[in-house]
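heads up, no residue letters with this:
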């Protein structure tokens, strides 16, 4: 297994050194994204690129003051469909080479805070410490003082997000005491981050990613934990080539669109722009890229399936695209090619024009909006990430609709008409579970979490912050304040300030975790998708809707959908922004619609029972 090198905390101009979240007198002490996290090593979840954003990220730095060295660790959960005091937690293990292994359990949440509660660093809700004894584990009766002194949590409920930071003081003798733990410069570390979802489900983020699950205190064997090192060692780990999801796409608008026409030659220019952070120039043709497409929506991570070709289709001419020119150190390279759907795609190919537009009409197999996967390779190169997929668009709102029942159109083309009550955007997406290992059931439950930000429900809440109809819950840096950019893309950062709608999709793995008397089904995230919305006028409130046959709402903005094993379904997302204050009868309309939905669910339950 590759060693993880933990960088030195250099800070930023005017704020040198490491983050100091436990010191509330520090000017950045209460901030979850202290700019002094700059340069941290990061492990992002889910794997396989960005999709429409991270679900969680781990960061690490180290710093030495005088003779005292400490680790600075952070686990940030960015997607959580509901906070839990009984399941949301962190387990993190440490072991010095040849030493005794220790696991620290941290429960971040003592109570779910109101939506308008300021998000600041608070002491964690609970701590337990375990040591390896023989082949098992035993709990310590006394918690070392350094853990509660340096562990803090940030909790937001609208939308649900949370973060745990832990400073680990390193001592030079003995094993562990109230002042710190002896790890040395090279050590092992493991963690499991548990996130409960509604309906008895949950998501788990692990390092190593292949670490086995556990219940109770049957933690994984320390021999399987990940190797870590303070500072860089070229023999263990080094810089490399990286690719951001915002740096792949087409030159069309939006960048997920594929242009085609039965009557004319329409050329699509497709690109990827990797960053050379190797410290040396990369020769001409030194990087090769493979470009593939899947229908817009959600598919399993290609790491989860035996044959990724069942999910993603090679673009004609995009199987081996080279950089061409030398890429200087610190610069981005350009890999691009052109694709004419009509003239460059052979008959029978999955991306042939007939798949986009059947000659006799009917429902096309391929949509004009596509999710793009780019995989990099290059002899003698190290890749910080060698693949990424793009599944998020910046789109305008089309001016359409005067009544709450109208459906709008399939693609928004902008425009402004203040006589219209609202602007509406609608797009279909495909949710696929093709290629996943069979779990022995005819159908598999898929869960969908809709996350909105900067989309308040009415003008009374306009500008209130993240969430639909929520109060302020800012979990990142404010505009102009800087902050660590190593763990998020430009699209993720844009979602902090403009209206954003993201659909996170999870599938049931068949795995369960026993936590006391509770059994939680483990979900695995797959490709997410979403939109950033552009408007030329102020909004008087937002509505959004998710539609699919058989869709069941488990909790607000959290849905369950049974999908035939190995199959796919179509969902439709609709987002509306009001140009004028809502009419007086709108609230009555919403009440009646909600009542009708409850009546239908009641009788559906009777029929099913």
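Thanks, I have it. Quick caveat, the model's predicted, so the values are computed rather than measured.

any idea what the closest residue to residue 43 other than its chain neighbours is bridged to?
Nearest non-adjacent residue to residue 43, counting by C-beta to C-beta, 6 or more residues apart in numbering: residue 58, 4.5 Å away. In this view, the C-beta of every residue, glycine as well, is placed from N, C-alpha and C. Residue 58 has these beta-bridge partners by DSSP bridges: residue 43, residue 75.

with residue 327 instead?
Bridge pairing for residue 327 - DSSP bridges - gives residue 282.

break down the chain into its helices, ranges please.
Taking DSSP state H as the criterion, the chain carries its helices at 146-150, 341-344, 353-356, 490-494, 586-608.

can you tell me how far residue 113 is from residue 80?
As judged by C-beta to C-beta, to the nearest Å, residue 113 and residue 80 stand 13 Å apart.

how about residue 209?
From residue 209 to residue 80 the distance is 20 Å (C-beta to C-beta).

check contacts around the residue nearest to residue 43.
42, 43, 73, 74, 75, 76, 191, 193, 205, 207 (C-beta atoms under 8 Å, 6 or more residues apart in numbering).

dump those residues into CSV; add neighbour count as well.
As requested, those are exported to CSV (neighbours: other C-beta atoms under 10 Å):
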residue, neighbour count
42, 18
43, 20
73, 23
74, 25
75, 23
76, 25
191, 22
193, 23
205, 23
207, 20
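
which of the residues you listed lies closest to residue 454?
residue 76 (19.4 Å; C-beta to C-beta).

wait, the closest one sits on residue 56?
Yes. With contact defined as C-beta atoms under 8 Å, residue 76 counts as touching residue 56 (6.3 Å).

one step back: of the contacts of residue 58, which is the nearest to residue 267?
residue 42 (37.4 Å).

any idea how far that closest one is from residue 433?
Taking C-beta to C-beta, one finds residue 42 at 29 Å from residue 433.

what does the pLDDT read for residue 233?
Listed pLDDT for residue 233 reads 62.

same deal with residue 584?
68.

same deal with residue 458?
On the pLDDT scale, residue 458 gets 67.

likewise the one 10 residues further on?
pLDDT for residue 468: 35.

same question for residue 385.
Reported pLDDT for residue 385: 73.

helices and strands of the protein: which one has the lowest mean pLDDT?
Of the helices and strands making up the chain, the lowest-confidence element is strand 398-399, at a mean of 52, by mean pLDDT, DSSP states H and E.

so what's residue 554 up against?
Per C-beta under 8 Å, 6+ apart, neighbours of residue 554: 198, 199, 447, 560.

beta partners of residue 93?
residue 103, residue 190.

now it: how far from residue 146?
Taken as C-beta to C-beta, the span from residue 93 to residue 146 is 16 Å.

do the same with residue 426
Distance from residue 426 to residue 146, by C-beta to C-beta: 54 Å.

ok, residue 187 next?
Counting by C-beta to C-beta, the gap from residue 187 to residue 146 is 16 Å.

ok, now residue 5?
24 Å.

can you check residue 377 too?
Residue 377 is 44 Å from residue 146, by C-beta to C-beta.

which stretches in the stretch 301-450 of the chain count as strands?
In the stretch 301-450 of the chain, the strands defined using DSSP state E, counting those that start in this stretch lie at 313-314, 321-322, 335-340, 370-377, 387-390, 392-396, 398-399, 422-432, 443-453.
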